[in-house]
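Asker: Structure of the sequence below:
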Amino acid sequence: MNMTPETIQHEEHINPKRFSFSIKVSIRYMFQKQRLLFVFVGIAIAALVSNVVVFPSTSSSQQSKHVSGSFRIAELTSVPRRIAYEVHSGHVNVGGRIPVGLKPKSLRVLVTGGSGFVGSHLVDRLIARGDSVIVVDNFFTGRKENILHHLKNPRFELIRHDVVEPIMLEVDQIYHLACPASPVHYKYNPVKTIISFLNRDHKTNVVGTMNMLGLAKRINARFLLTSTSEVYGDPLQHPQVETYWGNVNPIGVRSCYDEGKRVAETLTMDYHRGLNVEVRIARIFNTYGPRMCLDDGRVVSNFVAQALRKEPMTVYGDGKQTRSFQYVSDLVEGLMRLMEGEHVGPFNLGNPGEFTMLELAKVVQDTIDSNAKIEFRPNTEDDPHMRKPDISRAKELLGWQPVVPLQEGLPMMVSDFRQRIISNPKEGGSS
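Answerer: You can find the predicted model right below:
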């Protein structure tokens, strides 16, 4: 027999004991007549009205006070994945620093040009810190030998790839070092060093930087560009500060590198200002150390290799032009502090200790062979007369300055060069 409310009321009036209130009958009736659906709809409407009326009336400053102990779900999901590990105690540290007392989470880091001289030393430091590292390199100037000791490490990956072609990876940070940096290499293929719109294979500085900036934008990674002191050209200001715009010959033999890096800096800042990409810019001054290419045209490696081979050290011009030399470990420390810090830059990273070419030759003689000869040759085109960094900003904002003097760093480089020359006397500038 089907029971309706009218039937229930009638029977209850006749026999109250028989029809005392029954929860079971009520529930069955709600399901049969779909009354339960309307109950849930009513609860949902009440909750929606409560959220609309209560939360928007609270000011943003009051909302922030209510979040002192924990984040609401909506606020937590809005935090980019790259910095989600920094969400603790009701605050977000967007500067990349880990709150005091908390163990930093290991990062996934991409190093373009990671098999090169500076890149391989940077990879060593990142691996030692506990990060997972991906190296992307086309081995135009890099050497596989520089990173062989990491190949069995599960936190290390190597991808043979040219950055002029796009690539998609998931990382937290990008150190963009990929570019021929020595005169021998960038003069050998100047079009590849800067850009060619005619041949898709001959692009590095500009297109490679655009690809890495695009990747940083897509995956919300922090991007560090390794620029160079060459952006100052043959400077009319001494020492060089970051606000100096430089004195560059745009049509000279070095301009493929100088102007390429200047354009790379422009692109980096455009992505930062226009697309909110987190960027850092380092202007690197002369750097030396183990794993440099033996014959890459840079003065320190030239002098050391020539002295070890019992060849005359070639000094161009009168030898009075000056340079500043920093050991590679100092540079790597500066790059990592810049990446982890809160300032975009650009920052000069170099050793303000200044040497003439003749003074450098004397240090090499004292370190390797006091009887090493010096041979003078005509100076090269657009060779800067003076080069010395002002590192005041790096000292103040990064807490960084070089600590390895030339007299201590050079013997470590000489030991590496001597071993490589003995094992392979014909080794050249690239593998």
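
Asker: mind listing what's buried in stretch 162-175?
Answerer: Buried residues in stretch 162-175, counted by 16 or more other C-beta atoms under 10 Å: Asp162, Val163, Val164, Leu169, Val171, Asp172, Gln173, Ile174, Tyr175. Where you see a C-beta, it was placed from the backbone N, CA and C, and this is true even at glycine.

Asker: so which of the residues you listed would you say is closest to Leu406?
Answerer: Tyr175 (25.5 Å; C-beta to C-beta).

Asker: Ramachandran angles for that closest one?
Answerer: phi -100, psi 110 (degrees, to the nearest 10).

Asker: in what helix or strand does Leu338 lie?
Answerer: helix 328-340 (DSSP states H and E).

Asker: and that helix, what does it pack onto?
Answerer: helix 117-129, strand 173-176, strand 222-228, strand 279-284, strand 287-288, strand 347-349 (3 or more C-beta pairs under 8 Å, 6 or more residues apart in numbering; DSSP states H and E).

Asker: Save these as JSON lines, and put in distance to Lys310 and mean pLDDT too.
Answerer: Supplementary listing: those in JSON lines, determined by distance: least, C-beta to C-beta, whole Å; pLDDT from 0 to 100:
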{"stretch": "helix 117-129", "distance to Lys310": "24", "mean pLDDT": "98"}
{"stretch": "strand 173-176", "distance to Lys310": "38", "mean pLDDT": "98"}
{"stretch": "strand 222-228", "distance to Lys310": "32", "mean pLDDT": "97"}
{"stretch": "strand 279-284", "distance to Lys310": "31", "mean pLDDT": "98"}
{"stretch": "strand 287-288", "distance to Lys310": "21", "mean pLDDT": "97"}
{"stretch": "strand 347-349", "distance to Lys310": "34", "mean pLDDT": "98"}
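
Asker: In JSON lines, list those along with distance to Gly214.
Answerer: Shown next, in JSON lines, are the helices and strands packed on helix 328-340 (distance: least, C-beta to C-beta, whole Å):
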{"stretch": "helix 117-129", "distance to Gly214": "21"}
{"stretch": "strand 173-176", "distance to Gly214": "11"}
{"stretch": "strand 222-228", "distance to Gly214": "10"}
{"stretch": "strand 279-284", "distance to Gly214": "13"}
{"stretch": "strand 287-288", "distance to Gly214": "28"}
{"stretch": "strand 347-349", "distance to Gly214": "24"}
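
Asker: Not counting sequence-adjacent ones, nearest residue to Val304?
Answerer: Distances taken as C-beta to C-beta, 6 or more residues apart in numbering place Phe417 nearest to Val304, at 5.2 Å, with adjacent residues excluded.

Asker: For the one you found, give me its contacts.
Answerer: By C-beta atoms under 8 Å, 6 or more residues apart in numbering, the residues touching Phe417 are Pro290, Met292, Leu294, Ser301, Val304, Ala305, Leu308.

Asker: And Asn249, by the same measure?
Answerer: Asn249 neighbours (C-beta under 8 Å, 6+ apart): Gly233, Asp234, Ser255, Asp258, Asp382.

Asker: Same question for Ile391.
Answerer: Contacts of Ile391 (C-beta under 8 Å, 6+ apart): Phe347, Asn348, Leu349, Gly350, Pro352, Trp400, Gln401.

Asker: List only those of the residues you listed flagged as buried.
Answerer: Phe347, Asn348, Leu349, Gly350, Pro352, Trp400, Gln401.

Asker: where does the stretch 151-300 of the chain dip in pLDDT?
Answerer: 180-204 (pLDDT under 70).

Asker: State the distance from the nearest residue to Ala305 once chain neighbours are set aside to Gly116.
Answerer: Spatial nearest neighbour of Ala305, chain neighbours left out: Leu294 (4.8 Å); criterion: C-beta to C-beta, 6+ apart. Remark: distance between Leu294 and Gly116 (C-beta to C-beta, to the nearest Å) = 14 Å.

Asker: Tell me which of those two has more neighbours.
Answerer: Taking other C-beta atoms under 10 Å, Leu294 and Gly116 do not tie; Gly116 has more neighbours (30 against 20).

Asker: Cross-check the contact I'm expecting between Asn379 and Gly317.
Answerer: Yes. Counting by C-beta atoms under 8 Å, Asn379 touches Gly317, with 3.4 Å between them.

Asker: Neighbour-wise, give me the winner out of the contacts of Asn249.
Answerer: Neighbour max across the contacts of Asn249 (other C-beta under 10 Å) = Asp258, 25 neighbours.

Asker: Quick check: which element contains that residue?
Answerer: helix 255-275.

Asker: quick check: angle from that helix to strand 279-284?
Answerer: Between helix 255-275 and strand 279-284, the angle comes out at 160 degrees (axes from the mean of the first three to the mean of the last three C-alpha atoms, to 10 degrees).

Asker: From the contact counts, what lies against helix 255-275?
Answerer: helix 183-188, helix 190-193, helix 205-219, strand 222-228, strand 279-284.

Asker: related to what we said a few turns ago, would you mind measuring from the residue nearest to Ala305 to Pro250?
Answerer: On the measure of C-beta to C-beta, Leu294 and Pro250 end up 31 Å apart.

Asker: sorry, back to before: mind checking the helices and strands packed on helix 255-275 for the one nearest to Met412?
Answerer: So among the helices and strands packed on helix 255-275, strand 279-284 is nearest, using C-beta to C-beta, at 19.1 Å.

Asker: Starting from that closest one, tell me which strands it pairs with and how they run.
Answerer: According to DSSP bridges, strand 279-284 forms sheet pairs with strand 222-228 (parallel), strand 347-349 (parallel).
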